[in-house]
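Chemist: give me a 3D structure for the following:
(4 chains)
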There are 2 protein chains.
Amino acid sequence: MAAADPLDRVFAALADPLRRDMVARLADGDATVNELAAPYDVTVQAVSKHLMVLEDAGLVTKSRDAQRRPVHLEAEVFDLMTKWIERYRRQAEERYRRLDDVLKNMPDTPRPKKGKERWRP
Amino acid sequence: MAAADPLDRVFAALADPLRRDMVARLADGDATVNELAAPYDVTVQAVSKHLMVLEDAGLVTKSRDAQRRPVHLEAEVFDLMTKWIERYRRQAEERYRRLDDVLKNMPDTPRPKKGKERWRP
DNA sequence: TGTCTAATCAACCAGTCAGTTGATTAGGGC
DNA sequence: GCCCTAATCAACTGACTGGTTGATTAGACA
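Modeler: Model (predicted):
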């Protein structure tokens, strides 16, 4: 699997409702894998897999306490997302504001330029 | 197909780097499907599919201009995400702050230990 | 009328993902 | 030593996803 952008992993991790629910519960405090799995109608192995996804995204970390592996929420990674989101939201809003100004003063609007350089995913 | 939580769709839509790039470009201004597809090394059909994902998530809308279908970024949906994120981040930080206070007032208590990073290559 | 362009629809393929069952590692408690 | 619990590893399955090619719809224009 190609080394994905950290943003890929964070967004993908939170695209699953069960994983979002786990994050929501972990915001209340650390929990073990079995504790996390208890409310759900899936096996503990499935929950363990979900936790790995969250861990790879940097959203949680696991420590060690004997056989238990308490899971801890790492809230800082949220900043990655909010920064990305806020950037483009602000940019879009700024553009609307300017567009409004232009429309207020001119009957004719110029076309936005289009991108030209190639881009590989 | 079951109607997924709007948050499912928004997070999933932004988990793809090509779709994020399209959103970034649309923040600069509306564009047609062909304009959006131009820089990428995929067919226009593939880009059309990506746009459907963004549309289902409520991130973009399409209007009509003859055969062209200009795509427009709908920035409001971002609020859904930021609200969710901010809620749990603040909750986690609040909990951390209280834990710090407790630990500060207890004599001879060890600092909370951090788990080891587990970034898979 | 044709013809060209923009975009979507349809069918298909390979890879990934969420879930399962079963086996295995690792650490108490006795 | 033995047993129990916590968690992961391994292999498999069905469903979804991102991509392709080819056909089709819809509008502009000579």
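Chemist: any low-confidence regions in chain A?
Modeler: Residues of chain A that meet the criterion pLDDT under 70 lie in A:1-3, A:99, A:102-104, A:106-121.
Chemist: tell me the residues of it that contact DNA strand C?
Modeler: Proximity of chain A to DNA strand C, by CB under 7 Å from any atom of the strand, involves residues A:1, A:12, A:16, A:18, A:41-43, A:45-46, A:49-50, A:53, A:66-67. The C-beta positions use only the backbone N, C-alpha and C, and glycine is treated the same way.
Chemist: how about 10 Å then?
Modeler: Listed as neighbours of DNA strand C in chain A under the rule CB under 10 Å from any atom of the strand: A:1-2, A:4, A:8-9, A:12-13, A:15-19, A:37, A:40-50, A:52-53, A:56, A:64-68.
Chemist: what segments of chain A are helices?
Modeler: Using DSSP state H, the helices of chain A run over A:6-14, A:17-26, A:33-37, A:44-56, A:78-105.
Chemist: what about whatever residue of chain A ends up closest to DNA strand C, how many residues close to it?
Modeler: Closest residue of chain A to DNA strand C, CB to the nearest atom of the strand: A:Ala66 (3.0 Å). A:Ala66 is flanked by 5 other residues according to other CB atoms under 10 Å in any protein chain shown.
Chemist: ok, so what distance separates the residue nearest to A:Gly29 when sequence neighbours are not counted from B:Asp101?
Modeler: Counting by CB to CB, 6 or more residues apart in numbering or on different chains, A:Gly29 lies nearest to B:Arg95, which is 6.4 Å off, once chain neighbours are set aside. Look at B:Arg95 and B:Asp101: by CB to CB, to the nearest Å, they are 11 Å apart.
Chemist: look at these two and report which has more neighbours.
Modeler: Ranked by neighbour count (other CB under 10 Å), B:Arg95 and B:Asp101 place B:Arg95 first, with 17 against 10.
Chemist: OK, contacts around that one?
Modeler: By CB atoms under 8 Å, 6 or more residues apart in numbering or on different chains, the residues touching B:Arg95 are A:Ala27, A:Asp28, A:Gly29.
Chemist: the first one: what's it in contact with?
Modeler: Neighbour list for A:Ala27: A:Leu73, A:Ala75, B:Tyr88, B:Arg89, B:Gln91, B:Ala92, B:Arg95 [criterion: CB under 8 Å, 6+ apart].
Chemist: switch the cut-off to 10 Å
Modeler: Listed by CB atoms under 10 Å, 6 or more residues apart in numbering or on different chains, the contact partners of A:Ala27 are A:Leu73, A:Ala75, B:Arg87, B:Tyr88, B:Arg89, B:Arg90, B:Gln91, B:Ala92, B:Glu93, B:Glu94, B:Arg95.
Chemist: for the second one, same thing?
Modeler: The contact partners of A:Asp28, taken as CB under 10 Å, 6+ apart, are A:Leu73, B:Tyr88, B:Gln91, B:Ala92, B:Arg95.
Chemist: out of those residues, who's nearest A:Met81?
Modeler: Closest approach between the contacts of A:Asp28 and A:Met81, by CB to CB: B:Tyr88, at 11.8 Å.
Chemist: surely that closest one touches A:Val77?
Modeler: No - judged on CB atoms under 10 Å, B:Tyr88 makes no contact with A:Val77 at a distance of 11.6 Å.
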